[in-house]
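Trainee: Give me a model of this one.
(2 chains)
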Amino acid sequence: MLLHRKHKKINYVKALRVPVNKPKINKAVLRVVFSLAFFIVVITSVYLITFFENNSLENELSEINDYINDESNQALYDKSEYDYNVVLSDLNSRQEALEVQMDSWELNPGITAEYLEKILNCNGTNVLTESCDYDDSTGVMTLGMIAKDSSDIYDYIDRLGETGIIDDINYNGYNVYDDGFSFTIYCHIMANGSGE
Amino acid sequence: MKLSKREKILLYILACIVIFSGGLYLLILPAFEKQTELTTEIDSYRTIQNEMEIQIQLSDNIQEQIIKANDEITVLSSDLYTMMPNYDIDVIITSMLNKHNLNQSSLLISDPTTSETNDNCIQSKYVNIQITGVISDVSEFINEIDDIQSIHIITFYMDFVENDKINISMSLEVFMYETNDSLQ
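Mentor: Numbering: from 1, shown residues only, chains lettered A, B, ... in the order given. Okay, the predicted model is just below:
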């Protein structure tokens, strides 16, 4: 009966294999570790990029500073600025002052010998000049005159008007003295700027 | 001490936060601040540099303008006396009076009460003279003054006395140009 019993085959190698406990890696832990590494890489990259950019900016700043602090550049700049702000400014104000003064003289040349002669030559034979007063600021000439007759006064005033250099004649009458008719003429010389 | 799985995960997350925050506050933010600081500084210094470059480039042009202005001033001031003391003014007026046979009884030089000058580059002096002469000589004297840009008649009073003689009281203004050699 034993002979007919079917024997079960036994795999001894398999039976002898010592079971190995493989360490089980937790997926959650793995994700956290990768995240950690990712953060480190990202932060380091950003820092490195910024570091190199800052380095480049520092070089640029250094170049600019070198230019600004260069003594020859500073000397050229200072001279140019002084020439512009001080020398040229002074010359321009002088030029302007001279031009204003010249224009003023051109507009008001003042009394001339020619004009004075023209006025004095109006006397004729019957009128004498006693005094002549002139003020350049107003252009007014005050003439103290003596005429032989009252009609000579009117002729004199006509002659004054005909000179063409007087734009306003003011006559206020006469006084009779032993030597004739004394009168005063106030006239405005046209050559003066205020009369034009 | 054995940590549970949940505790380990929390610790890992904490480590992530610490690394991220530390990196951000200790490395990245200071680097960005420095960058901003450098950029601002560069902008500021670049402005100065540009200003310097422009000013230096304009140098030649400014020199040309100075030469031109100087030339124009030379032309404009050519007819004006340069600054001179009172005794020189006296010499000029007295020699003119003598030249035209006018006898002077007084010559007084004074400063104008109101200055018409600009920037003090044109100075003036008043000269009051009392003279005696004949009309033709007076006329020639006035004629000469007309030709001199630097001298202007302000007022005169002529008193016609006998034998064609005239007593004259005249105020003249003598203009002088003051150069500024210290700037040239």
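Trainee: Can you tell me the strand partners of the biggest strand by length in chain A and which way each runs?
Mentor: With DSSP state E setting the assignment, residue counts place strand A:166-177 as the longest strand in chain A. Sheet partners assigned to strand A:166-177 using DSSP bridges are listed as strand A:180-189 (antiparallel).
Trainee: hmm, back to that, buried residues in the longest strand of chain A?
Mentor: A:166, A:171, A:174 (16 or more other CB atoms under 10 Å in any protein chain shown). Placement of C-beta: from N, CA and C, glycine included.
Trainee: Nearest residue to residue B:110 in space, please, no chain neighbours.
Mentor: Counting by CB to CB, 6 or more residues apart in numbering or on different chains, residue B:110 lies nearest to residue B:126, which is 4.9 Å off, once chain neighbours are set aside.
Trainee: any idea of the pLDDT on that neighbour?
Mentor: The score at residue B:126 is 94. That number is its pLDDT.
Trainee: And the longest strand of chain A, how far out from the chain middle?
Mentor: 55 Å (CA atoms, centre = their mean, to the nearest Å).
Trainee: what's the average pLDDT for that strand?
Mentor: Rounded mean pLDDT across strand A:166-177 is 91.
Trainee: Just the C-alpha atoms of that strand, please, in PDB.
Mentor: In PDB, the C-alpha atoms belonging to strand A:166-177 read as follows (Å, rounded to 0.1, in the frame of the first residue of the first chain):
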ATOM      1  CA  ILE A 166      10.200 170.700 -34.800                       C
ATOM      2  CA  ASP A 167       6.900 168.900 -34.300                       C
ATOM      3  CA  ASP A 168       5.400 171.100 -31.500                       C
ATOM      4  CA  ILE A 169       5.800 174.800 -31.000                       C
ATOM      5  CA  ASN A 170       4.300 176.500 -27.900                       C
ATOM      6  CA  TYR A 171       4.000 180.300 -27.700                       C
ATOM      7  CA  ASN A 172       2.400 182.100 -24.700                       C
ATOM      8  CA  GLY A 173       2.600 185.800 -25.700                       C
ATOM      9  CA  TYR A 174       5.100 188.600 -25.100                       C
ATOM     10  CA  ASN A 175       6.200 191.400 -22.800                       C
ATOM     11  CA  VAL A 176       7.200 194.700 -24.200                       C
ATOM     12  CA  TYR A 177      10.400 196.200 -22.900                       C
END
